[in-house]
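> Kindly return the folded structure for what I paste below:
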Amino acid sequence: MLGPMSSTLRGKGSAPAAAADRPDAPDPSPTPPVRTRRVAPARLRAPVLEARGGPETQRRVRDSAGLLSAAAMRRLDDDLEWYRALPAEDRSWVGLVAQAGITAFVTWFAEPTRPPHGVGDIFAAAPPELTRSISLQHTLQLVRVVVDVVESHSDRLAAPGDEREVREAVLRYSREVAFSAAEVYARAAEVRGAWDARLEALVVDALVRGDVDDALRSRIAALGWSGRGSTLVMVGTTTSALDDVRAAELRRATRRAADDALVGIQGDRLVVFLGGEGDLLAAAGTLLPRFGPGPVVVGPVVGDLTDSARSARAALSGLLAAPAWEQAPRPVQADELLPERVLIGDLTARRTLVAQAYAPLAASQGSLLETLSAYLGTGRSLEAAARTLYVHPNTVRYRLRRVADVTGWDPLDARESYVLQTALALGRLDAVDPSPMAGGR
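Purely as a prediction, here's the structure:
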């Protein structure tokens, strides 16, 4: 019974033997057996973590928390001038933050399974207002000081052979803290920017209405308005709905154009307050591409921001009246739209036009008012006006130049003669019935 079995075993081994007899046959060395093991699914496998130093190094780092905190506080006081200049309360908060950073590093180094703490955890012991007392640059300097302190003590912290691992852990931890610090300050800037935008919108609305009080002045100061120089208001339309990014870019552009600037976005209408000691009209011209299609009206220059309601009302009234003057320049000053503003019922424009054009002519000598009336009434003809007045045409021309000197509008210009004709009509109406002048807009 063993014979067939032994022959079978020999038969099974005869093939390799026969192959070995061939000159071109490969070496029939035995192949080691392959051992297979059962692999757990990916969701069940724990991440492979590298230990941060040996037990002795971890013990040393853990026991040195107090030493590192004391060294960090000494370095802060020695190296950072802005830290020494802080009030006592803020200094104590910054000290707590530095100690929290040391403690968080020690905890993270001793427990490899825990991810690095972010700066949000480090700042948890301090009030949120601390981000306003110290800037992001100061925070990064604080992180750098702490990192330098830990690195300078790395030889004492690490057991022999673990110095490199301690330094690498410090660098990795400082990187995580720096990125987290940038995130915290970015969030704070976004929140502060959104709050400033809402506050700015409220201030602009109050200024347009003329509701200026002590509370509004404090809000204006909080927005950074210095109050130096004059103020003007320009209004127009927006190209489209402004999102937060485009609105922020618009505000940056206005602040580059003038010393002081406020921006109000009211639907598709844009209201910009400019202030400062420079040429505000030139500054307004540089902002023209920021507005959408259609007229852009610039209100008159006023003394300060508290008087800006007058400029704002004139600009908004001019924006409504501007379509009546198709050839109006862009931007156009509100005082150049006085006749059109009168047509929409702006009593301030009516009073201004009568006071600046009709009243000086009525009070002047040399028949200026009669000459202007004759010139306009005869189709703006010098010869016809001269025949009506029984004078030489050169006399009419001379008197019209005097009208331009007195009023600031030239009767020989087509547009300005229209302004004077409107003022002449309004003055005559007021002389008959001054009741329309009792109101105001």
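
> Which of the three states applies to residue 231?
For residue 231, the assignment made with DSSP: H, G, I helix; E, B strand; the rest coil gives strand.

> show me the contacts for it.
260, 273-275, 280, 301-305, 307-308, 311 (Cβ atoms under 8 Å, 6 or more residues apart in numbering). Any C-beta I mention is one placed from the backbone N, CA and C, and that applies to glycine too.

> Weed out the non-buried ones from those residues.
Taking 16 or more other Cβ atoms under 10 Å as the criterion, what is buried in the contacts of residue 231 is 260, 273, 274, 275, 280, 301, 302, 305, 308, 311.

> got the contact list for stretch 204-223?
196, 199-200, 202-203, 227, 262-264, 266, 271, 273, 305-306, 308-309, 312-313, 316.

> Okay, strands next: where are they in the stretch 251-400 of the chain?
260-266, 269-276, 297-298, 332-333 (DSSP state E, counting those that start in this stretch).

> which one of these has the lowest average pLDDT?
Among the strands of the stretch 251-400 of the chain, strand 260-266 has the lowest mean pLDDT, at a mean of 86.

> Roughly how far does the most centrally placed residue in the chain sit from residue 255?
Closest residue to the average C-alpha location of the chain: residue 248 at 3.6 Å, with Cα atoms, centre = their mean. Using Cβ to Cβ, to the nearest Å, residue 248 is found at 11 Å from residue 255.

> Mark which of the contacts of stretch 204-223 are buried, thanks.
200, 203, 262-264, 271, 273, 305-306, 308-309, 312-313, 316.

> And the furthest pair within the residues you listed?
200 and 313 (19.6 Å; Cβ to Cβ).

> How about residue 373, nearest residue that isn't a chain neighbour?
Leaving aside its sequence neighbours, residue 373 sits nearest to residue 424 (Cβ to Cβ, 6 or more residues apart in numbering; 6.4 Å).

> Tell me the secondary structure at that neighbour.
For residue 424, the assignment made with three-state DSSP gives helix.

> Quick check, it in contact with residue 362.
No - with contact defined as Cβ atoms under 8 Å, residue 424 does not reach residue 362; the gap is 9.8 Å.

> and for these two, which residues touch both?
With contacts defined as Cβ under 8 Å, 6+ apart, the residues shared by residue 424 and residue 362 are residue 369.

> Those two - which one has more neighbours?
The residue with more neighbours, out of residue 424 and residue 362, is residue 424; 21 against 14, by other Cβ atoms under 10 Å.

> Give me the pLDDT value at the more buried one.
Per-residue confidence (pLDDT) for residue 424: 95.

> which residues touch it?
Contacts of residue 424 by Cβ under 8 Å, 6+ apart are 357, 358, 369, 372, 373, 376.

> again, only this time at 7 Å
358, 372, 373, 376 (Cβ atoms under 7 Å, 6 or more residues apart in numbering).

> Among these, which are located in helices?
Here DSSP state H is the test, and the contacts of residue 424 give 372, 373, 376 as lying in helices.

> got a winner among those for most neighbours?
Busiest of the ones in helices among the contacts of residue 424 [other Cβ under 10 Å] is residue 372, holding 27 neighbours.

> tally of neighbours for the nearest residue to that residue once chain neighbours are set aside?
Of all residues not flanking residue 372 in the chain, residue 403 sits nearest, at 5.3 Å (Cβ to Cβ, 6+ apart). Neighbours of residue 403 under the rule other Cβ under 10 Å: 26.

> can you pull the contacts of residue 403?
Residue 403 is in contact with 361, 368, 372, 411, counting by Cβ under 7 Å, 6+ apart.

> distance of it from residue 410?
Noted for residue 403: a distance of 8 Å to residue 410, by Cβ to Cβ.

> What of residue 359?
18 Å.

> beta partners of the closest residue to residue 260 other than its chain neighbours?
Nearest-residue entry for residue 260: residue 275, 3.6 Å, with adjacent residues in sequence omitted and distances by Cβ to Cβ, 6+ apart. Beta-bridge partners for residue 275, by DSSP bridges, are residue 231, residue 260.

> so residue 275 makes contact with residue 254?
No - using Cβ atoms under 7 Å, residue 275 is not in contact with residue 254, being 10.6 Å away.

> returning to that earlier point: ok, the contacts of residue 403 vs residue 182, which is closest?
Distances from residue 182 to the contacts of residue 403, taken by Cβ to Cβ, are shortest for residue 411, at 65.7 Å.

> Surely that closest one is within a helix?
No - the assignment for residue 411, made by three-state DSSP, is coil rather than a helix.

> How much space separates it from residue 358?
Noted for residue 411: a distance of 13 Å to residue 358, by Cβ to Cβ.

> Next: residue 236.
Applying Cβ to Cβ, the value for residue 236 to residue 358 is 31 Å.

> now do residue 177
For residue 177, the distance to residue 358 - Cβ to Cβ - is 73 Å.
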